[in-house]
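Q: have a look; sequence and predicted model below, questions after that.
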Amino acid sequence: MHDRFLRACRREPTDVTPVWFMRQAGRYMREYRELRARYGMLELCRTPELALEVTLQPLRLGVDAAILFADILLPLEPMGAPFAFSADDGPVVHRPVQGPADVERLRVCEPEEDLGYVLEAVRLIRRELGGKTPLVGFAGGPFTLASYLVEGGRSSSFARTKAMMWQEPELFDLLLGKVGEVVRRFLRAQVAAGAQAVQLFDSWVGALCTTDYRRHVLAHSRAVLHDLAQTGVPVIHFGVGTSHLLEAQCEAGGTVIGVDWRLPLDVAWQRIGHNRAIQGNLDPLLLCAPPELAAEGAREVLRRAAGRPGHVFNLGHGIVPETPESTVQAVVDAVHAGLTAP
Ligand code: CP3
């Protein structure tokens, strides 16, 4: 059954629980590493035929959704903030956003003109998949994307981002407004190109306390999520370390709320409310444990979901590169076998 992922997003009953993985295409796969030996990460993203090839690679594991191969940072360049992926430090934005002049300069770009290669990849993937596996498009959340602009790369403290948020709240608001509008247009364009669901990755928003999230971020995420809801495709709203923010994230919106592994799924679902679908929530590092432990962890998540319609199985965050592919396969099979298996 090829629509079990979309059915679960709409809280309709399914034959078995649908499963896909964040970062299901990537370095843990031999075929991906072989392609990456020949092409840079950005080259893969910018060449629709290659993005198509990478998107399809994990489908032979039997996952129930494909996720577009791209990156949340791609809109930064047409916004006027070019970046590179460095081998050791992850992404590096060449000129981080520091003051009013930098925010003023940021362009609210047009996805069809500036990110046409991503939309072309969406169209190619849809043509290839037809009515089979559904395709998930995505973008970064306004806070998460803005944090890369301000920090200039990865950060554990988000010191510069928080400094701007507290000391120059109007500037921060202008920044999130611009980033949010880019994200809204980009997701709209992905849906128009054929994405059948979209996920907003607000990966780092868990760094904020509830008060700051509500005061400085919620309205910007809501503007994106509510606009996308008008398209009729399911919208997955995801963050890491957001156990304290679940109610506020629900207020911001999302057909499906993505949760990490820190709360048991039943507790998180209770907090979210059973009138909404949930995605998660196996600890990604469990995929580096012996396969029978990973499969048992998957069954524990299924027990917590208790057969209630509206559960999309996923990890609590992306697959790590060290993961053996055979364990990913074992988890797909365990989820599809359900709780009747030994
Ligand atoms: O999930 C998928 O399979 C789709 C593709 C995808 C990638 N990045 C490919 C990628 C998606 C959905 C993302 C989202 C993304 N990118 C997020 C949000 C999700 C999360 O993980 O929290 C963030 C924060 C980024 C930014 C980013 N991209 C970082 C910090 C890095 C470097 C760290 C790392 O893992 O190497 C990337 C690079 C990146 N994006 C890779 C892949 C497969 C690795 C690139 C490589 O091959 O070297």
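A: The structure has been received and is ready for your questions.
Q: quick one, helices of the stretch 101-250 of the chain?
A: Ranges of helices in the stretch 101-250 of the chain, per DSSP state H, counting those that start in this stretch, are 111-114, 116-129, 142-151, 159-167, 169-193, 210-212, 218-229, 246-252.
Q: so which residues make contact with the shortest one?
A: Contacts to helix 210-212, defined as C-beta atoms under 8 Å, 6 or more residues apart in numbering, come from residues 162, 165, 244, 245, 248. For the C-beta atoms, the positions are set from N, CA and C on the backbone; glycine is no exception.
Q: the same query, at a cut-off of 10 Å, please.
A: Helix 210-212 has contacts (C-beta atoms under 10 Å, 6 or more residues apart in numbering) with 143, 162, 165, 166, 205, 218, 242, 244, 245, 246, 247, 248.
Q: format those residues as TSV; extra columns: neighbour count.
A: Putting the contacts of helix 210-212 into TSV (neighbours: other C-beta atoms under 10 Å) gives the following:
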residue	neighbour count
143	29
162	18
165	24
166	11
205	27
218	20
242	27
244	13
245	22
246	22
247	12
248	18
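Q: of all these, which two lie farthest apart?
A: Farthest pair in the contacts of helix 210-212 (C-beta to C-beta) is 166 and 246. Separation: 23.8 Å.
Q: got a list of what residue 74 touches?
A: For residue 74, the contact set (C-beta under 10 Å, 6+ apart) comprises 42, 45, 46, 83, 111, 114, 115, 117, 118, 139, 140, 186.
Q: how about the closest residue to the ligand within the stretch 51-200 of the chain: what's its closest non-neighbour residue?
A: Per C-beta to the nearest ligand atom, residue 90 is where the stretch 51-200 of the chain lies closest to the ligand, at 3.7 Å. Nearest residue to residue 90, sequence neighbours excluded (C-beta to C-beta, 6 or more residues apart in numbering): residue 154, at 4.7 Å.
Q: and that neighbour, what does it touch?
A: Contacts of residue 154 (C-beta under 10 Å, 6+ apart): 89, 90, 91, 92, 147, 148, 204.
Q: give me the helices and strands touching the helix or strand containing the fourth one, please.
A: Just to be clear, that refers to residue 92. Using DSSP states H and E, residue 92 falls within strand 90-93. In terms of contacts (3 or more C-beta pairs under 10 Å, 6 or more residues apart in numbering; DSSP states H and E), strand 90-93 is packed against helix 76-79, strand 83-86, helix 142-151.
Q: out of these, indicate the one that is most buried.
A: Ranked by mean neighbour count under mean count of other C-beta atoms under 10 Å, those are led by helix 142-151, which reaches a mean of 26.
Q: out of the helices of the stretch 101-250 of the chain, deepest packed?
A: helix 142-151 (a mean of 26).
Q: what angle separates that one from helix 159-167?
A: 110 degrees (axes from the mean of the first three to the mean of the last three C-alpha atoms, to 10 degrees).
Q: distance between helix 142-151 and the chain's centre?
A: Centroid separation for helix 142-151 versus its chain: 15 Å, with C-alpha atoms, centre = their mean, to the nearest Å.
Q: now do stretch 54-70
A: Worked out by C-alpha atoms, centre = their mean, stretch 54-70 lies 14 Å from the chain centre.
Q: what about that stretch and the ligand, touching?
A: Yes: contact of stretch 54-70 with the ligand (C-beta under 6 Å from any ligand atom) involves 67, 69, 70.
Q: who's in contact with residue 226?
A: Listed by C-beta under 10 Å, 6+ apart, the contact set of residue 226 reads 184, 235, 252, 253, 254.
Q: just those residues now: which is nearest the ligand?
A: residue 235 (14.7 Å).
Q: who does the residue most central in space within the chain form a beta bridge with?
A: Taking C-alpha atoms, centre = their mean, the centroid of the chain lies closest to residue 201, which sits 3.9 Å from it. On the basis of DSSP bridges, residue 201 takes part in beta bridges with residue 140, residue 238.
Q: my read: it touches residue 147, true?
A: No: applying C-beta atoms under 10 Å as the test, residue 201 and residue 147 come out as separate, 11.9 Å apart.
Q: which one of the residues in the stretch 151-300 of the chain is closest to the ligand?
A: For the stretch 151-300 of the chain, C-beta to the nearest ligand atom, closest residue to the ligand: residue 203, 3.3 Å.
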